[in-house]
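Trainee: build me a model from this:
(2 chains)
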Amino acid sequence: MGMTRVLVSIKLTYDVNQLKFEKDGTPILDACPRVMGEADKCAIEEAVKLKESGKAEEVVALTIGSTKEHQRILRDAYAMGVDKAYMVRLDSDDMATATTIAKIIASFAEKTGPYDIILLGSGASDTHSSVVGPMVASLLGYNLLANADRIEVKDSLVSITSTLEDGQYVVESPLPVVVTVTSEANQPRIPTIRDILRSKKKPIEEIEAADLEADLSRIELVEIKKFEVPRKRIKIDATSNVGEAVDKLIKELENEGVI
Amino acid sequence: MVDFEFTEDEIRFRDSVREFAQRYIEPKWIEIDEKGRIPVDLIKKMGDQGLFAIPVPEEYGGMGGSMVMTALAIEEIAYHDPAVAVAVYALLNNGWPLALALFGQEEAKMEILPKVASGDAFFGIASTEPQGGSDVAGIKTVAKKREDGKWVVNGEKTFISGVRELQELPEGGGFFLVSKTEKTGWSHKRITTFALLPKWNGKLREGWKPTLYDDIGRHGLSTGGFTLENFEIDDKYRIGDVNKGFYLVLQGFNIARILVAAATIGSGRWALDKAKEWLRTRKLFKGRPIASFEGVSFRYAELYTMLEAARYFVYKAAWMADNTYLTKSPRFKPQDLNLPVAMAKMLGPTTTTEIYTEVLKWFGAYGYTKECAAHRGWLGTFSYTIGAEGAQNIMKYIIARDTLGSDAVRNVWAEEED
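Mentor: Now for the predicted structure:
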């Protein structure tokens, strides 16, 4: 195997644990902190583990955006152990669609590549569209290994384990490949104070989206009509037989996919 | 004008400590308090994560951070361990190693500090004696220099944290020891300080006889005492010049007090957050949340405000410590820290004790149950209202002396020496 290069694309997402809503269900986004998503952290962790095990020689992190918060998550990626970090500046951060993001990532990979493995979180913590990874694979003509809970690389073969509703699937592909990583794949390392202080001095290279040969002409303006957190009230009568009530509750939760 | 925001690095570091504490400390804090022990593997994890010797320069194996960062770390740890055993272990293993780094000899620093930073050794403080803690000048432990240059120490220390832990750690560790020089008698001018290492390189040394006490709270961290019987200390472990130790240990206390206040504030913040959910959701008298009763919400407001005020004292004092000890261009002299540190150490623990008293009442009968767990924070932090790194009345004495003037307020350390 020659020099294996890994690209990890990370997104600045709203920290949904701190998201508050208006009475009509509209999220109050202005007051919500933004962070690197959990699945993206897992993607970085997988990439750095590949490097530490000698299966990758370079890990590059990429984010698309123009703010200091975007720089911060790249510094967090440095603190976790990536080798290089890039920020692709996009004028309209808020309105970038999944298609545009995928095109930018693909163009970036072509411009700065080749990359043998491209890792992304399987879905962003806020929007959960889960389409960017598949679109990147399609644009680049790479195979896609989606929703990886576990990744193994041996020689030039990448195999993943993916847990779906009906069981676990093991899927493999030769390089190059796009892999989307779930937030169950690992427990991302927590950078130490030394990692954090050293990451401050690492360079972040900025590229204008317009300089990539990507078709950005169709940045669609999408009107978001409504965010809704579906709520369902389940009433169980526990006054007569608690044991039966517990069984009923368990069944209802299973039906809802909660357990 | 002052910038009251933390820097990006301080926030990132605080968030990393928060994540670590959520992952490894929070799930265990009640068990630690119940079983009376911090697992050694957790201590080692904390060492690997770089949570010890944070303000100690990298050249001595420390993290090269700041006192502000250290205080942030301690506050976060205490928030996830309201009984504060882990937080106090951590603050001792940060504050006293810094004092060693500032005042110790190079050889001792290079030998001891990397092992403390890694979590393999502990380094705390041994000052208090059976006849008193606040009256440092009255200590009776005495070190005499032998012809071969070694010091031989005899005496007794009481209410010392970490007595059990250092015996269980692979390398061991010890204490910033406060001792009289050559003869006892009341004096602050005949005090020499040493790095006392009862267990070192994995071996227990002759002449150190420990005992353990049974505290009412903060069970995870041991409190004990020990006697020293002809305990030998090599001169390289002497900290500072002979007879100049009093001024050094007071500086060490200033450093540690900032972190003690940070710990109590973290625990107090937990208590207020736990109460907040209860006050908002517990409904009485036909659907009114408890928070709607002004007797409760106004008290919450007072306690929240006092806690925030105490936080500002802590971080102001930490910032001053950074600009005294961890900078190439000091803006302050060590004695400039006396007043802000005393205020932080006075306000932090007392505010937290008041918070717990109210929170337990708000919880009603539930607060009186072990399930509620708030009593663990109450008992753990109450120790710091009593004393531990400085009695409350000594803090008031320092504030009174430094504000009203030492010509009006009796200067207890200007008494005639024996």
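Trainee: can you report how many residues lie near whichever residue of the stretch 1-150 of chain A sits closest to chain B?
Mentor: Nearest to chain B, among the residues of the stretch 1-150 of chain A, is A:R72, at 6.4 Å (C-beta to the nearest C-beta). All C-beta spots, glycine's among them, are computed from the backbone N, C-alpha and C. By other C-beta atoms under 10 Å in any protein chain shown, the residues close to A:R72 number 19.
Trainee: give the next helix or strand downstream of the one helix or strand it maps to.
Mentor: Assigned by DSSP states H and E, A:R72 belongs to helix A:68-80. Following helix A:68-80 in sequence order, the next helix or strand is strand A:84-89 (DSSP H and E).
Trainee: now the angle from that following strand to helix A:68-80?
Mentor: When axes from the mean of the first three to the mean of the last three C-alpha atoms, to 10 degrees is applied, the directions of strand A:84-89 and helix A:68-80 differ by 170 degrees.
Trainee: what comes up buried for strand A:84-89?
Mentor: A:84-89 (16 or more other C-beta atoms under 10 Å in any protein chain shown).
Trainee: spell out which parts of chain A neighbour chain B.
Mentor: Contact residues, chain A versus chain B (C-beta under 8 Å from any C-beta of the partner chain): A:68, A:72, A:75-76, A:79, A:187, A:190-194, A:196-197, A:200.
Trainee: give me the number of residues near B:E107?
Mentor: For B:E107, the count of nearby residues is 11 (other C-beta under 10 Å).
Trainee: isn't it up against B:K236?
Mentor: Yes: in terms of C-beta atoms under 8 Å, B:E107 counts as a neighbour of B:K236; the distance is 4.8 Å.
Trainee: give me the pLDDT value at the residue of the stretch 51-200 of chain B found nearest chain A.
Mentor: Nearest residue of the stretch 51-200 of chain B to chain A (C-beta to the nearest C-beta) works out as B:M63 at 4.7 Å. The per-residue pLDDT reported for B:M63 equals 97.
Trainee: hang on, it packs against B:A53?
Mentor: Yes: B:M63 is within contact range of B:A53, at 6.1 Å (criterion: C-beta under 8 Å).
Trainee: so what sits against both of those two?
Mentor: By C-beta atoms under 8 Å, 6 or more residues apart in numbering or on different chains, B:M63 and B:A53 have these common neighbours: B:A117.
Trainee: more neighbours: which of these two?
Mentor: When B:M63 and B:A53 are compared for neighbours, B:A53 comes out ahead with 32 against 25, by other C-beta under 10 Å.
Trainee: can you confirm A:T63 is in a helix?
Mentor: No: secondary structure of A:T63 (DSSP: H, G, I helix; E, B strand; the rest coil): strand, not part of a helix.
Trainee: neighbours of it, how many?
Mentor: Other residues near A:T63 come to 24 when the count uses other C-beta under 10 Å.
Trainee: what does B:G202 give?
Mentor: Using other C-beta under 10 Å, the number of residues around B:G202 comes to 11.
Trainee: cool, A:A210 as well?
Mentor: Using other C-beta under 10 Å, A:A210 is surrounded by 12 other residues.
Trainee: pLDDT score assigned to it?
Mentor: 85.
Trainee: again, but for A:E228
Mentor: pLDDT recorded at A:E228 is 63.
Trainee: hang on, the earlier thing: list buried residues within the residues of chain A next to chain B.
Mentor: Here, 16+ other C-beta under 10 Å leaves A:72, A:75-76, A:79, A:190-193, A:196-197 buried among the residues of chain A next to chain B.
Trainee: pull the contacting residues for B:Y237.
Mentor: The neighbours of B:Y237, taking C-beta under 8 Å, 6+ apart as the test, are B:104-105, B:108, B:194-197.
Trainee: looking at chain A, which residue is nearest chain B?
Mentor: A:T192 (3.8 Å).
Trainee: ok, which residues in chain B are in contact with chain A?
Mentor: So chain B meets chain A at B:8-9, B:12-13, B:16, B:19-20, B:23, B:48-50, B:54, B:58, B:63-65, B:69 (C-beta under 8 Å from any C-beta).
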